[in-house]
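Asker: Next input, structure requested:
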Amino acid sequence: MRTLHVGLRVADLDRSLAFYTAVGYEIVGSVPGTGLGHLTMLKLPDDEFVSVELVHDPHGTAVADGETRLSHLVIHVDAMDDTLRELAARGIEAEAPTSPDGSVDFRTTWIVDPDGTRIELVQWPAGHADGMTAADWA
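Answerer: Sure thing, here's the model as predicted:
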């Protein structure tokens, strides 16, 4: 088994698409008129598969009472400083990067989408696997 993608409820589809495409996501396809609303599938350029599904119900609210959108998404970046410059040029502000282990090459920061979903950007240290593994807790 493996995770396919994460679904995010959004209040304004156009505003959310503008944000996520500015971050670097590409629209793969959409499915209008489902029981959940209009679904738009997104992926990052280096991803083979869809990783985010934007869910927009034009007849409802972005988040019904008692429901949650999501805690956060995590995106791997190759070079934090380059990524932050590119995002700033597109009007997306990020928090100042920090290093969870105090090193210069393992860095994280946060951006926030129009509906308030926090997105963590991670620059792995040299030689780290492309994702988290049990070795990260060894």
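
Asker: CA atoms for contacts and neighbours, from now on please.
Answerer: Will do.

Asker: Tell me which helix or strand Arg85 sits in.
Answerer: Using DSSP states H and E, Arg85 falls within helix 80-89.

Asker: Buried ones in that helix, by neighbour count?
Answerer: 80, 83-84, 87 (16 or more other C-alpha atoms under 10 Å).

Asker: ok, which stretches of the chain are helices?
Answerer: Remark: helices assigned in the chain by DSSP state H are 13-23, 80-89.

Asker: JSON lines for the ones you listed, including mean pLDDT and distance to Ser103?
Answerer: Converted to JSON lines, the helices of the chain look like this (pLDDT from 0 to 100; distance: least, C-alpha to C-alpha, whole Å):
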{"stretch": "helix 13-23", "mean pLDDT": "96", "distance to Ser103": "25"}
{"stretch": "helix 80-89", "mean pLDDT": "97", "distance to Ser103": "13"}
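
Asker: Mind putting those helices into CSV with distance to Pro125?
Answerer: Below are the helices of the chain laid out as CSV (distance: least, C-alpha to C-alpha, whole Å):
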stretch, distance to Pro125
helix 13-23, 22
helix 80-89, 11
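
Asker: For Asp105, which of these is the nearest?
Answerer: When these are compared by C-alpha to C-alpha, helix 80-89 sits nearest Asp105, at 9.0 Å.

Asker: helices and strands around the closest one, which ones?
Answerer: In terms of contacts (3 or more C-alpha pairs under 8 Å, 6 or more residues apart in numbering; DSSP states H and E), helix 80-89 is packed against strand 118-123.

Asker: Quickly run through the sheet partners of the strand it packs on, with directions.
Answerer: Strand 118-123 has its sheet partners listed here by DSSP bridges as strand 72-76 (parallel), strand 107-112 (antiparallel).
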